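*Asks:* Pasted the sequence and its predicted model underneath.
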Amino acid sequence: MVELVKQTGSKLLRNDLDGLWIPTHFMHDAENDDLLCWLLLEWLRRKCGTPLSVLVQLPTANAIDVIQDQMEKIPNVTVFRDPGSMNEGAVRNTFRWKYAEL
């Protein structure tokens with residue numbers, strides 16, 4: 001497994017995307033690990049010259065509105081507010097550095 005990660009990292013450093021599966025769509029619930037994956041996928045899709053479509057699932061708490069407002073300004077992003085979401089605390093922690101009211 002470690003060797004595979006090293007090989008993939010080397011390919012990326014060489015801008016060699018041949019043989020890599022690069023998703024065109026990404027769905028996530030806005031926690032730290034998801035944002036890091038989004039960043040990597042966005043970078044890869046830009047190298048491919050094609051957009052990444054993103055669906056973000058957010059909790060319904062009013063405090064999260066500011067995050068939705070900002071995410072909806074990003075091209076190819078759709079936000080879904082899920083009343084069954086159980087990760088409000090994690091989302092607040094993810095964005096606390098940016099929005100003091102969270």
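*Replies:* Yep, it's here.
*Asks:* Looking at the longest helix anywhere in the chain now, give me its mean pLDDT.
*Replies:* Counting residues, the longest helix found in the chain (DSSP state H) is helix 32-48. Average pLDDT, helix 32-48: 96.
*Asks:* for this protein, what are the low-confidence residue spans?
*Replies:* Along the chain, the model assigns pLDDT under 70 to residues 100, 102.
*Asks:* buried residues in the longest helix of the chain?
*Replies:* 34, 38, 41-42, 44-45 (16 or more other Cβ atoms under 10 Å). For every residue, glycine as well, the C-beta is placed using N, CA and C.
*Asks:* how about the strands in this structure?
*Replies:* 25-28, 53-58, 77-81 (DSSP state E).
*Asks:* Of those, flag the one that's most buried.
*Replies:* strand 53-58 (a mean of 18; mean count of other Cβ atoms under 10 Å).
*Asks:* Give the partner strands of that strand in its sheet and their orientations.
*Replies:* Strand pairing for strand 53-58, using DSSP bridges, gives strand 25-28 (parallel), strand 77-81 (parallel).
*Asks:* just checking, what packs against the longest helix of the chain?
*Replies:* Here helix 32-48 touches strand 25-28, helix 88-95, going by 3 or more Cβ pairs under 8 Å, 6 or more residues apart in numbering; DSSP states H and E.
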